[in-house]
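Colleague: Have a look at this fold, sequence not included:
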């Protein structure tokens, strides 16, 4: 087992990573103050892991709330079922909410923990690669609104994160690839040597090699923890974690939540950021193509939806959270392994990026 | 104008109190970082004060969201209208949410500010006596749930609070009295000399004497700010502010939100706390009756609803936020002007308190 510490003063918390952690009660106990525990999971994950996790929590009074699976259910109505469950079981403000599932469960359970009686304890047990390397670290919680993704939420830190790498054995390959999109992102924004490592290990990762997965998760969490440490409230460097996300969110919003997986939208969105960085002269055509090739080898889409026009992108991006006073800030690559956040670029380059022939770029790599 | 400072480190904020503050743009400007402002108000207050406040915000791009009036609308559906308004107008994360109205508006606008894009700036402009002396100070925001009051919310501090005492000229007398319940509470929990002052000025307050109102609001806010300073997260001394609230919440929940005003329920609930404190031998019969008499002179109910049984009270109190691991903590009076939070009392005394003849007590004072 490896343990990272996310250092946020009195709200610091550990991330434990290793095989079989679900069966280790001693990792949970130090983070549970009361006698009540509420496990929040979904219809896909609960049949696989709820019983094992409940056994590790046998010392407590445990309820579970099982939600429907998918980004399409990341809304108030579903969140309400968590509050209903907590109130019906009369959980008080010393209850501990445990998220067992992917990013959607983590975001909703975390937001419920942030809001229930104005804030209760919270533990993350992420079971998808995406949530293990991304959404379980950094304190972002929330739900979607019909007019925008993650528009309602809170910054709320967990008391601990438990990553059992063995849970990836039951993850559908498409979701494993979606998680790899965020893993590759860390290489692009702050760790060029990790990109080289990924080029050497991307096939092993897709084949569920546990050693490779452990290394990739640790390195990704460490990268994210480092960035979050430096900037908890996303005013500065943290925004670089959104590489590909502004374009990606536009894709998710336009297509409807859940049609593209988040990681898939991030992959295609990051390809657009690579293209724009190349058009600005910051990276070479070869470097752009290196990134595209890696996403392709990870089993990810590199072409935005054919049906989306330049106007579609601009419309969706205008209400993105990265907009400050009407200027569109984008995360771009100053060079491979170094991302910057900037609104200082010619508008024409953004327009050319939105109108670029990504099908041709993808085929060149095929 | 008087200005109090609520000292919470980097989240400290000023409370300005005085006549005509709505028309002083220079009090708002220092607390607005972006160019967008969203005024949240209701159908009762907006026709009276929205235009004046908007004029003071003429330098910004201002939208308003007008909600239906009343505790019965303090729910997710109404909150959603704030998010709808912000997103439709494309407000970004530098927007400032301004609450113009009573406690319900303050709680909902504050919770919306806490959650919108995971947190935006927030200014309170309370227009009822209750919200001026209570809910605009202390950072509590939230909404009700069908199974309990204020069960979903956040601790979120405003950037500033503006109290224009002249807004009380349009407040219905019943609501003025409801506000006085909280004013009297401050005397009971921490300021015995203020009780004496109130006995001398309660008629002047009900007659809208501006000098008396200013003094009562200042003294109440100062008392609350002092308690909040000492204990932001309600783990200890802050809980004394809930004198009468545990019994009062049970009344509100049982009767249905909005049937009793919050202050009315607090008054009757505080009379129950006085009765229990007397039964514990902590205050005398004369002191209990002194409190009852003051609530009566303020125009407040001192008898819990006839229809509520002991069992009704216990059922509703069991999911109150003050419950820690199943033990019911209550705020009681150790003596007049000193409240304590305790779960160390004979169960029989609580039962006797719930079954006491409040009608007889009230008539003795009539």
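Modeller: Done, it's in. The shown structure was predicted, so the numbers you read here are calculated from the model rather than taken from an experiment.

Colleague: which non-adjacent residue is nearest residue A:87?
Modeller: In space, and not counting its chain neighbours, residue A:87 is closest to residue B:147: 4.0 Å by CB to CB, 6 or more residues apart in numbering or on different chains. C-beta: built from backbone N, CA, C; applies to glycine.

Colleague: same deal with residue A:251?
Modeller: Of all residues not flanking residue A:251 in the chain, residue A:265 sits nearest, at 4.4 Å (CB to CB, 6+ apart).

Colleague: Which neighbouring elements make contact with the one helix or strand the one you found maps to?
Modeller: In this structure, residue A:265 sits in helix A:262-279 according to DSSP states H and E. Contacts defined by 3 or more CB pairs under 8 Å, 6 or more residues apart in numbering or on different chains; DSSP states H and E place helix A:262-279 against helix A:173-190, helix A:245-255, helix A:285-297, strand A:330-335, helix A:347-354, helix A:358-365.

Colleague: what's the closest of those to residue A:101?
Modeller: The minimum distance between residue A:101 and those falls on helix A:173-190, with 11.6 Å, by CB to CB.

Colleague: Tell me what angle the closest one forms with strand A:330-335.
Modeller: Computed with axes from the mean of the first three to the mean of the last three CA atoms, to 10 degrees, the direction of helix A:173-190 lies at 60 degrees from that of strand A:330-335.

Colleague: where does the stretch 201-350 of chain A have low pLDDT?
Modeller: Counting by pLDDT under 70, the ranges of the stretch 201-350 of chain A that qualify are A:231-235, A:257, A:319-326.

Colleague: Quick one: the strands in chain A, in order.
Modeller: Under the criterion DSSP state E, strands of chain A are mapped to A:2-6, A:13-18, A:36-42, A:61-67, A:96-101, A:121-126, A:140-145, A:148-155, A:160-164, A:323-324, A:327-328, A:330-335, A:338-342.

Colleague: hmm, back to that, want to throw the helices and strands packed on helix A:262-279 into a markdown table with mean neighbour count and distance to residue B:9?
Modeller: Written out in a markdown table, the entries for these read as follows (neighbours: other CB atoms under 10 Å in any protein chain shown; distance: least, CB to CB, whole Å):
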| stretch | mean neighbour count | distance to residue B:9 |
| --- | --- | --- |
| helix A:173-190 | 24 | 31 |
| helix A:245-255 | 24 | 32 |
| helix A:285-297 | 19 | 43 |
| strand A:330-335 | 21 | 31 |
| helix A:347-354 | 16 | 41 |
| helix A:358-365 | 14 | 49 |
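
Colleague: Would you reformat those as CSV and include distance to residue B:64?
Modeller: Formatted as CSV, the helices and strands packed on helix A:262-279 follow (distance: least, CB to CB, whole Å):
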stretch, distance to residue B:64
helix A:173-190, 40
helix A:245-255, 26
helix A:285-297, 46
strand A:330-335, 32
helix A:347-354, 32
helix A:358-365, 43
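
Colleague: Give me the neighbour count for the residue of the stretch 101-250 of chain A at minimum distance from chain B.
Modeller: Nearest to chain B, among the residues of the stretch 101-250 of chain A, is residue A:147, at 4.0 Å (CB to the nearest CB). Here the neighbour count serves as a burial measure; for residue A:147 (other CB atoms under 10 Å in any protein chain shown) it reads 14.

Colleague: ok so, going back, just tell me which of the helices and strands packed on helix A:262-279 ends up closest to residue A:317.
Modeller: Put simply, out of the helices and strands packed on helix A:262-279 the one that sits nearest residue A:317 is helix A:245-255, at 5.2 Å, with distance taken as CB to CB.

Colleague: Tell me how far the closest one lies from the chain's centre.
Modeller: The gap between where helix A:245-255 is centred and where its chain is centred comes out at 14 Å by CA atoms, centre = their mean, to the nearest Å.

Colleague: And for stretch A:265-283?
Modeller: Averaged C-alpha coordinates place stretch A:265-283 at 19 Å from its chain's average position (CA atoms, centre = their mean).

Colleague: quick one: pLDDT of the closest residue in space to residue A:41 that isn't next to it in sequence?
Modeller: Spatially, and ignoring its direct neighbours in sequence, residue A:41 is nearest to residue A:100 (4.2 Å; CB to CB, 6+ apart). What the model reports as pLDDT for residue A:100 is 98.

Colleague: what's the closest non-adjacent residue to residue A:50?
Modeller: On the basis of CB to CB, 6+ apart, the spatially nearest residue to residue A:50 that is not a chain neighbour turns out to be residue A:41, at 5.6 Å.
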